[in-house]
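Novice: Compute the structure for the input listed below.
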Amino acid sequence: MRDLDGTPASRELVSRFLPPHFRFAGDVARPAEALDKLDRGKAVMLVEIPEGFGEALDEGDREATVQVLVDTTSANTGYLASSYSARIAARYGAERARANLSRSGTARETLPRIESRD
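Specialist: Residues are numbered from 1 along each chain as shown. Next up, the predicted model:
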């Protein structure tokens, strides 16, 4: 995990990458350290949250991005890690969007329905 933001929003997202789907292998300070862990099999996935992530979510007018690097040496494990992380991020984004709508006074029922298909 590499959380460069350190805000309540980023820490909330980090907390969702826990068992049963993931085992926390530790924080990394530098990209090279993360790549080394992936290359040596000490980690299967790295989640990097950039500085400004929480601010982007709070403002709601720009994209809040997260980078996920996955070791696909084992295709099944890599696929599962990628799939679970995408679902976690999507769920978190949807929850934040609902919260922002509630704060703005916009009724969810008035918005068009959007479906995501895998």
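Novice: So, low pLDDT: which residues of this structure?
Specialist: Per-residue confidence of the chain (counting by pLDDT under 70) places the weak regions at 104-118.
Novice: which stretch of helix or strand covers residue 41?
Specialist: Taking DSSP states H and E as the definition, residue 41 sits outside all helices and strands.
Novice: and it, how many neighbours?
Specialist: Residue 41 sits with 10 neighbouring residues when counted by other Cβ atoms under 10 Å. Bear in mind the C-beta positions are built from the backbone N, C-alpha and C, glycine included.
Novice: and it, what are its phi and psi?
Specialist: Main-chain torsions, residue 41, degrees, to the nearest 10: phi 80, psi 20.
Novice: mind checking the longest helix of this protein?
Specialist: Longest helix in the chain by number of residues, with DSSP state H as the criterion: helix 75-104.
Novice: That one: which residues count as buried?
Specialist: Applying a neighbour-count criterion of 16 or more other Cβ atoms under 10 Å, the buried positions in helix 75-104 are 80, 81, 82, 84, 85, 88, 89, 92, 96.
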